[in-house]
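Colleague: The amino acid sequence is not available; the structure is as follows:
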């Protein structure tokens, strides 16, 4: 498993997923303000000519960096709307028929079609299978009697980080869930 490190700003707000190597650089550059992870990733380095021992660096799975303490509204900082994030938000399920499908079988549907004044925003898009998307076409839901199985929503920053990583460790999920709000439990089950 290629464990990612959850990077926080100094105020403890989730910022991004970084690689283990980027986490190691933070330690080496003395940029780690504090750690919150219970788990650690072990990175092995080179062998010392003097001692003959191999160097080892333990990187916490949640690290806060100096700087970047600017305040932003965590609950309103929305991640980018991509099909990958959309399909994960909707748990790989067509929100019209309820079928669970692979990414290649899913499409982005605009609840209010763009041709009818709808926008390409989180609150107006849902995951749909090709059959349902074709059947709905450019009609409004009331015109075709296709109810949605869930209401589309814009994920906040913490929810976006949950959506963006399938290999979240327990301590990372617990930390993000505390910042994500009530929908975190729903998102944590998307794997």
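Modeller: Sure thing, it's come through. Quantities reported herein were computed from a predicted structural model and do not represent experimental measurements.
Colleague: quick one: low-confidence parts of the protein?
Modeller: Low-confidence segments of the chain, defined by pLDDT under 70: 1, 67-76, 181-191.
Colleague: nearest spatial neighbour of residue 85, skipping sequence neighbours?
Modeller: Setting aside the residues directly before and after it, residue 85 is nearest to residue 163 in space (Cβ to Cβ, 6 or more residues apart in numbering), at 5.0 Å. Where you see a C-beta, it was placed from the backbone N, CA and C, and this is true even at glycine.
Colleague: the helices in the protein, which residues?
Modeller: Taking DSSP state H to define them, one finds helices in the chain at 20-28, 83-89, 130-136, 141-144, 157-163, 170-180, 184-188.
Colleague: Can you redo these as JSON lines, where the extra columns are distance to residue 115 and mean neighbour count?
Modeller: Listed next are those as JSON lines, based on distance: least, Cβ to Cβ, whole Å; neighbours: other Cβ atoms under 10 Å:
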{"stretch": "helix 20-28", "distance to residue 115": "43", "mean neighbour count": "16"}
{"stretch": "helix 83-89", "distance to residue 115": "20", "mean neighbour count": "19"}
{"stretch": "helix 130-136", "distance to residue 115": "12", "mean neighbour count": "15"}
{"stretch": "helix 141-144", "distance to residue 115": "13", "mean neighbour count": "10"}
{"stretch": "helix 157-163", "distance to residue 115": "28", "mean neighbour count": "24"}
{"stretch": "helix 170-180", "distance to residue 115": "34", "mean neighbour count": "18"}
{"stretch": "helix 184-188", "distance to residue 115": "31", "mean neighbour count": "17"}
